[in-house]
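Chemist: Sequence and predicted structure below; questions after.
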Amino acid sequence: MTSPSMTIKQLKQKVEMEFAEIFPREEPYFVGKIDDTSGYTLPADSLVGDHFKQGDNLVVWPRADYEDFPHTYSKESANDLVHTLKNVHYSLVSKISDSYIQEYTDKVELLNTVLPLGLSEDIPTIQNI
């Protein structure tokens, strides 16, 4: 339970503290972002009550290790990119695991075709992933 007047940033800190209390022997958990159930990333300075009612669900994403590394993009943009890439990765892995890979005779070709898709500079390929 949280107060509706709490900011999303304060909610992140509360999640991190509660994780440390529940799992004291684990590495610290750092919240990267909080999304509503529609997948919208909530701004850190907005209020919990602006986005949630009592009993609503939310999605808490861990902070990526590289977020402290200086880069030219804003952290929100990088977080959105990581979120998108994770979803693409999950989708790709699911499709591969649901397919009949055993029927494909050249497994090396399959891997050489699938793995580079996320690293391609070909814009149509990236858009279709």
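Modeler: All right, it came through fine.
Chemist: contacts for stretch 54-67?
Modeler: 1, 12, 15, 29-37, 39, 52, 75, 78-79, 82-83 (C-beta atoms under 8 Å, 6 or more residues apart in numbering). To be clear about C-beta, it is placed using only N, CA and C from the backbone, and glycine gets the same treatment.
Chemist: can you give me the strands for the chain?
Modeler: If you assign secondary structure with DSSP state E, the strands in the chain sit at 31-36, 58-62.
Chemist: Packed most tightly, which of those strands would that be?
Modeler: Among the strands of the chain, ranked by average contacts under mean count of other C-beta atoms under 10 Å, first place goes to strand 31-36 (a mean of 18).
Chemist: What's the separation between Val15 and Ser3?
Modeler: When C-beta to C-beta, to the nearest Å is applied, the distance between Val15 and Ser3 equals 14 Å.
Chemist: neighbour count winner among the two?
Modeler: Residue environment comparison for Val15 versus Ser3 gives the larger neighbour count to Val15, 17 against 11, counting by other C-beta atoms under 10 Å.
Chemist: ok, that one to Thr37 distance?
Modeler: For Val15, the distance to Thr37 under the criterion C-beta to C-beta works out to 16 Å.
Chemist: Now render the strands of the chain as JSON lines, adding distance to Glu109 and mean pLDDT.
Modeler: Output for the strands of the chain, formatted as JSON lines (distance: least, C-beta to C-beta, whole Å; pLDDT from 0 to 100):
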{"stretch": "strand 31-36", "distance to Glu109": "36", "mean pLDDT": "89"}
{"stretch": "strand 58-62", "distance to Glu109": "35", "mean pLDDT": "89"}
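Chemist: can you tell which of these is closest to Val114?
Modeler: strand 58-62 (25.1 Å; C-beta to C-beta).
Chemist: Adjacent strands (with direction) for the closest one?
Modeler: Paired neighbours of strand 58-62 in the sheet (DSSP bridges): strand 31-36 (antiparallel).
Chemist: Fine by me, thanks again.
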